[in-house]
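[1] sharing a sequence plus its predicted fold:
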Amino acid sequence: QAHLQRLATEQLEDDSWAYQTLVMTIPRQGGKTSGLGPLLLHRCMTRPLARVQFTAQTRQDARDIVIDEWAARFKRTPFARLAKVRASQGSEGVYFTGSTDASLRVFPPEAGGLDGKANEIVAADETWKITPATGLALDKSIMPTLTTTGGQFLMVSTAGTAQSTWLLDTITQGRDAVAA
């Protein structure tokens with residue numbers, strides 16, 4: 001958890017993010033999902049107008065994580081007064097008011113899920129379950145939303161299986177880029 005948070009918040013001298021895409025594989029029950037929530041909520045509290053998007057293997061899973069886990073814990077902190085939680089279908093998320101007017105929202109893991117949006121950070125959980133076709137569609141939907149903001153794409157997952165080719169291909173591309 002701490003390693004992901006350090007990498008995701010590392011900035012260059014010009015204040016841009018050091019890493020546009022981060023892929024972290026963590027063993028089952030290793031805290032990847034619970035560690036991601038505070039990172040995304042922190043981004044909302046520190047970046048004015050930040051649009052933070054989250055998905056998982058299904059939209060329902062993403063909704064359950066944001067509302068039932070992260071927002072439920074957030075509401076018990078001193079920061080709770082800074083945001084409103086919406087659980088209604090289609091607008092699930094944590095909406096910050098006042099100085100940041102940022103939001104953490106849920107989106108479905110499918111083609112076009114983020115078309116037309118500009119995002120500060122997009123995170124996907126359990127990406128090992130996403131098929132290659134859906135993964136390619138997500139890449140085409142997610143990456144353009146980060147260009148105007150200089151945002152980040154975070155993938156967290158267990159290592160998956162031999163069929164987890166979208167995740168495995170993304171890891172290979174990252175390793176090749178580091179080696180180059």
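    Right, received. Where do you want to start?
[2] looks to me like residue 178 is in a strand.
    No: read with DSSP: H, G, I helix; E, B strand; the rest coil, residue 178 is helix and lies in no strand.
[3] how many residues are close by it?
    Neighbour count of residue 178, defined by other C-beta atoms under 10 Å: 7. Glycine gets a C-beta too; all of them are placed from N, C-alpha and C.
[4] from residue 172, how far out is it?
    Distance of residue 178 to residue 172, computed by C-beta to C-beta, to the nearest Å: 11 Å.
[5] same question for residue 90.
    36 Å.
[6] those two: who's more crowded?
    Set side by side, residue 90 and residue 172 show more neighbours around residue 172, with 11 against 7, by other C-beta under 10 Å.
[7] could I get the contacting residues of the more buried one?
    Contacts for residue 172 (C-beta atoms under 8 Å, 6 or more residues apart in numbering) come out as none.
[8] likewise the one 5 residues further on?
    When contacts are counted by C-beta under 8 Å, 6+ apart, residue 177 touches no other residue.
[9] ok, 10 Å please
    residue 21 (C-beta atoms under 10 Å, 6 or more residues apart in numbering).
[10] for residue 91, same thing?
    103, 105, 106.
[11] over to residue 54?
    Counted by C-beta under 10 Å, 6+ apart, residue 54 has contacts 36-37, 40, 62-63, 65-66, 70, 92-94, 104-107, 121-125, 154.
[12] for the residue nearest to the spatial centre of the chain, list each beta-bridge partner.
    Centroid check for the chain by C-alpha atoms, centre = their mean gives residue 123 as the closest residue, at 1.4 Å. Assessed by DSSP bridges, residue 123 has beta-bridge partners residue 54, residue 154.
[13] residue contacts, it?
    Per C-beta under 10 Å, 6+ apart, neighbours of residue 123: 8, 22, 33, 36-37, 39-40, 43, 52-56, 62, 104, 142, 152-156.
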